[in-house]
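only geometry, no sequence info:
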């Protein structure tokens with residue numbers, strides 16, 4: 001299905017192609033049945049290219065017309081101009097009312113200033129005093145803020161120094177802990193070696209005693225026959 005192309009057509013051309021009068025076309029535009037625009041000061045209507053001048057496009061109550069004449073165009077232009085002038089007139093009336101309201105407000109303000117000049121002057125003086133007091137409070141607050149900031153920076157510097165000292169002490173403690181652990185391990189190894197040495201000494205002592213027993217037994221055995229020989233000789 002191929003959609004028909006659309007094009008912008010002047011009011012007169014649109015009325016002629018649709019087979020209706022300009023007034024009927026204006027009523028349709030006012031009802032929103034067609035899209036319209038103003039291009040270069042001329043009002044145009046968006047129509048399908050397939051629309052042809054045919055009285056069947058007319059509806060009940062429409063003014064069916066043939067070719068649009070210059071008089072119809074002039075009438076339509078006059079109607080549009082009257083509508084535009086009416087709108088401009090309404091805007092002008094509103095602008096005048098707003099202008100009068102503004103001048104009335106200005107006059108009331110001037111009257112209030114004239115009647116309450118002393119009160120305004122006193123209020124202004126009070127406001128200035130309050131402003132000066134507030135400015136002084138702000139200045140003192142800024143000074144206190146600067147002092148507190150300086151103290152905070154000094155405290156931060158001390159905290160950084162303590163942190164650095166703590167880190168150094170922690171490192172030294174780690175080194176001392178490692179040295180102590182190494183010392184403990186060396187002592188443990190020395191104790192183990194001492195126990196081993198004691199066990200070896202005990203073992204050697206037992207062996208020495210065994211050897212001494214054997215030597216004594218051998219001496220006794222060797223001394224037995226000699227005594228017998230001496231006794232026989234006697």
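That came in fine, so what should we check first? Note that this is a predicted model, so its numbers are computed, not measured.

CA atoms for contacts and neighbours, from now on please.
Fine.

now do the strands in this protein.
Applying DSSP state E to the chain gives strands spanning 6-10, 36-39, 42-48.

let me have those strands in a markdown table, extended by mean neighbour count.
Output for those, formatted as a markdown table (neighbours: other C-alpha atoms under 10 Å):
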| stretch | mean neighbour count |
| --- | --- |
| strand 6-10 | 16 |
| strand 36-39 | 13 |
| strand 42-48 | 17 |
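
closest one to residue 160 among these?
Relative to residue 160, the nearest member of these by C-alpha to C-alpha is strand 36-39, separated by 75.7 Å.

how about the strands of the chain, which one is nearest residue 210?
strand 6-10 (133.2 Å).

pairing partners for that closest one, with directions?
Using DSSP bridges, the strands paired with strand 6-10 are strand 42-48 (antiparallel).

show me where this protein has its helices.
11-18, 22-30, 70-115, 117-233 (DSSP state H).

and the last one, how far out from the chain's middle?
In terms of C-alpha atoms, centre = their mean, to the nearest Å, the gap separating the centre of helix 117-233 from the centre of its chain is 48 Å.

can you tell me the average pLDDT over it?
In this model, helix 117-233 has a mean pLDDT of 85.

ok, which of the strands of the chain comes nearest residue 134?
strand 36-39 (60.4 Å).

and for residue 171, the neighbour number?
Using other C-alpha atoms under 10 Å, residue 171 is surrounded by 12 other residues.

sorry, back to before: mind putting the helices of the chain into CSV with distance to residue 41?
Putting the helices of the chain into CSV (distance: least, C-alpha to C-alpha, whole Å) gives the following:
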stretch, distance to residue 41
helix 11-18, 12
helix 22-30, 17
helix 70-115, 11
helix 117-233, 55
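
out of these, which comes closest to residue 39?
helix 11-18 (11.7 Å).

tell me which of the helices of the chain is the most buried.
helix 11-18 (a mean of 22; mean count of other C-alpha atoms under 10 Å).

could you give the angle of that helix to strand 42-48?
30 degrees (axes from the mean of the first three to the mean of the last three C-alpha atoms, to 10 degrees).

isn't residue 12 right up against residue 23?
No - if you go by C-alpha atoms under 8 Å, residue 12 and residue 23 don't touch, sitting 10.7 Å apart.

closest to residue 47 out of the helices of the chain?
helix 11-18 (7.4 Å).

pick out the residue closest to the middle of the chain.
Central residue of the chain (C-alpha atoms, centre = their mean): residue 149, 29.1 Å from the mean position.

follow-up on the earlier one: and the strands of the chain as JSON lines, adding distance to residue 177?
Below are these laid out as JSON lines (distance: least, C-alpha to C-alpha, whole Å):
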{"stretch": "strand 6-10", "distance to residue 177": "94"}
{"stretch": "strand 36-39", "distance to residue 177": "93"}
{"stretch": "strand 42-48", "distance to residue 177": "95"}
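
adding mean pLDDT, write the ones you listed out as CSV.
Listed next are the strands of the chain as CSV, based on pLDDT from 0 to 100:
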stretch, mean pLDDT
strand 6-10, 87
strand 36-39, 88
strand 42-48, 87
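
nearest to residue 94, out of those strands?
strand 36-39 (25.3 Å).

who touches the closest one?
Applying C-alpha atoms under 8 Å, 6 or more residues apart in numbering, the contact partners of strand 36-39 are 29, 43-46.
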